[in-house]
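A.B. asks: Mind folding the following:
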Amino acid sequence: MESNLFHLQYAIDTFYFLVCGALVMWMAAGFAMLESGLVRAKNTTEILTKNVALFAISCIMYLVCGYAIMYGGSYFLSGIAGINVESILGDFAARDGGFEGGSIYSAASDFFFQVVFVATAMSIVSGAVAERMKLWSFLIFAVFMTGFIYPLEGAWTWGGADVFGMFNLGDLGFSDFAGSGIVHMAGAAAALAGVLLLGPRKGKYGPNGEIRAFPGANLPLAALGTFILWMGWFGFNGGSVLKLGDIASANSVAMVFLNTNAAAAGGAVAALITARAMFGKADLTMLLNGAIAGLVVITAEPSTPSALTATLWGALGGLLVVLSIVTLDKLRIDDPVGAISAHGVCGLLGLLLVPVTNPGATFSGQIIGALTIFIWVFVASLIVWAILKAVMGIRVSEEDEYEGVDLSECGMEAYPEFVSSK
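C.D. replies: This next block holds a predicted model:
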């Protein structure tokens, strides 16, 4: 009887993991739609090419070396080597405490769920460097980000490894449930390094300090992308419970779903009100970023807050993302889609809020963890970007930027029936 229950839990947890992974994979479509909606028409094909290509590169690099760096890789490698199911189950039971309270699932499903997180981190970079970066420079950076930079900081956090052999973040009280820092802030740190070396788009900032708006070409697509991300986030956070096959886990999953939705709603409304107060208008792009900001904030700890607390946390993110986007523009840091603010600044906020409801986390541990993630990813990314800039260049020519990177990088336009807006 116990053996049958064991196998049933294995099947349920594996299936749940795979479905959640598929939901997170669907977020790639959300990023593609959001970014293509917020860039100008003449840069749409290239941004779509980047999003599809980076997902494929992420999957390959994480398979080749990323997973092994982050977790040691033994579970996945044993799974694809054809070892019998009982051996795999035993391996996981030894790692996770067995049937009573342990997470029992297929090794391959574990890899699949983790690899879509890697792609999410890289998708954040795509939007921030849009409209002026060379396609192939970006894709080469994706190889390093997904194969080495992200997996190493993942090993120090979710993987349980010591940071450069010196200290363990878990022992210091660091906690990041689904990746506000490990995924989102890391992606934003890599994006910030690229943006600083890349420089702003031509004409974005005037000689007298004025900031010129570059409206997105397709706001319906941007709104669709946000809804896709919102839906995919249920897999992102819900899957991070890691199992479903018992009453406690099922209740935890339900609470995570509830809080994820509540935080997104709070972030959207707060950003809309903040934009109305600051600009006198209901700014759709701020509303969209507010929803994403709320999702990023709650990702650090969606299981322990009440639904009202999650809503308030999301609202803090919605307020902060508007202020951050405006501040970065004043600093002449050009981020066409607001990715650094929504994922980086709000990712940090999410980490700092964890100890409020999770007694297992400490504020000092969260700060040290956040600094470790940011410094490593930013510095490592800056080095890779700098090498690429010196070797092959990372920015298209001024003429190509004016004509649009669709033609110079991809040789086709997304909307050929219409005259490109320069």
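A.B. asks: Just give the closest residue to G347, not the sequence neighbours.
C.D. replies: Nearest in space to G347, with sequence neighbours left out and distances taken as Cβ to Cβ, 6 or more residues apart in numbering, is M185 at 3.4 Å. (Glycine included, C-beta is placed from N, CA and C.)
A.B. asks: my guess is that neighbour meets A342, correct?
C.D. replies: No. M185 is beyond contact range of A342, at 10.8 Å (criterion: Cβ atoms under 8 Å).
A.B. asks: burial count for N358?
C.D. replies: 18 (other Cβ atoms under 10 Å).
A.B. asks: Can you give me the buried ones in the helix ranked longest in the chain?
C.D. replies: Ranked by number of residues, the top helix in the chain under DSSP state H is helix 2-38. For helix 2-38, a neighbour-count test (16 or more other Cβ atoms under 10 Å) marks 6, 9-10, 12-14, 16-21, 23-25, 27-38 as buried.
A.B. asks: how far out from the middle of the chain is it?
C.D. replies: 15 Å (Cα atoms, centre = their mean, to the nearest Å).
A.B. asks: what's downstream of it, the next helix or strand?
C.D. replies: Scanning forward in sequence from helix 2-38 by DSSP states H and E, the next helix or strand is helix 44-61.
A.B. asks: what packs against that following helix?
C.D. replies: Counting contacts by 3 or more Cβ pairs under 8 Å, 6 or more residues apart in numbering; DSSP states H and E, helix 44-61 packs against helix 2-38, helix 107-128, helix 135-144.
A.B. asks: Am I right that D334 is in contact with R201?
C.D. replies: Yes. Under the criterion of Cβ under 8 Å, D334 makes contact with R201 at 5.6 Å.
A.B. asks: quick one: which of those two has more around it?
C.D. replies: Using other Cβ under 10 Å as the criterion, D334 and R201 rank with D334 on top: 22 against 18.
A.B. asks: Tell me the spatial nearest neighbour of that one, not counting adjacent residues.
C.D. replies: Per Cβ to Cβ, 6+ apart, closest to D334 is P200, 3.4 Å.
A.B. asks: CSV for the helices and strands packed on helix 44-61, including distance to G280?
C.D. replies: Output for the helices and strands packed on helix 44-61, formatted as CSV (distance: least, Cβ to Cβ, whole Å):
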stretch, distance to G280
helix 2-38, 21
helix 107-128, 26
helix 135-144, 37
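A.B. asks: For K281, find the nearest of those.
C.D. replies: Among these, helix 2-38 comes nearest to K281, with 17.1 Å by Cβ to Cβ.
A.B. asks: The closest one to helix 44-61, inter-axis angle?
C.D. replies: Relative orientation of helix 2-38 and helix 44-61, computed by axes from the mean of the first three to the mean of the last three Cα atoms, to 10 degrees: 150 degrees.
A.B. asks: For helix 2-38, name the packing helices and strands.
C.D. replies: Judged by 3+ Cβ pairs under 8 Å, 6+ apart, the packing partners of helix 2-38 are helix 44-61, helix 107-128, helix 219-238.
A.B. asks: Out of these, which gets nearest to T309?
C.D. replies: Here helix 219-238 is closest among those (Cβ to Cβ), at 15.1 Å.
A.B. asks: so how far is the helix or strand that that closest one is followed by off the chain centroid?
C.D. replies: Per DSSP H and E, helix 219-238 leads on to helix 247-279 as the next helix or strand towards the C-terminus. Its chain's average C-alpha position is 17 Å from that of helix 247-279, according to Cα atoms, centre = their mean.
A.B. asks: what does stretch 353-373 give?
C.D. replies: Per Cα atoms, centre = their mean, the centroid offset for stretch 353-373 relative to its chain is 19 Å.
A.B. asks: ends of that stretch, how far apart?
C.D. replies: By Cα to Cα, to the nearest Å, the extent of stretch 353-373 from end to end equals 17 Å.
A.B. asks: ditto for stretch 351-365
C.D. replies: End to end - Cα to Cα - stretch 351-365 spans 10 Å.
A.B. asks: which residues sit against that stretch?
C.D. replies: With contacts defined as Cβ atoms under 8 Å, 6 or more residues apart in numbering, stretch 351-365 is touched by 169, 172-177, 180-181, 185, 297, 300-301, 304-305, 309, 313, 316, 366-367, 369-370.
A.B. asks: Drop anything exposed from those residues.
C.D. replies: 169, 172-177, 180-181, 185, 297, 300-301, 304-305, 309, 313, 316, 366, 369-370.
A.B. asks: Mark which of those residues are part of helices, please.
C.D. replies: Using DSSP H, the buried ones among the contacts of stretch 351-365 in helices are 297, 309, 313, 316, 366, 369-370.
A.B. asks: picking that back up, if I read this right, the residue nearest to D334 contacts R332, doesn't it?
C.D. replies: Yes. Assessed by Cβ under 8 Å, P200 is found in contact with R332 at 6.0 Å.
A.B. asks: So those two - more neighbours on which side?
C.D. replies: Between P200 and R332, P200 has the larger neighbour count (other Cβ under 10 Å), namely 17 against 12.
A.B. asks: Lovely, talk soon.
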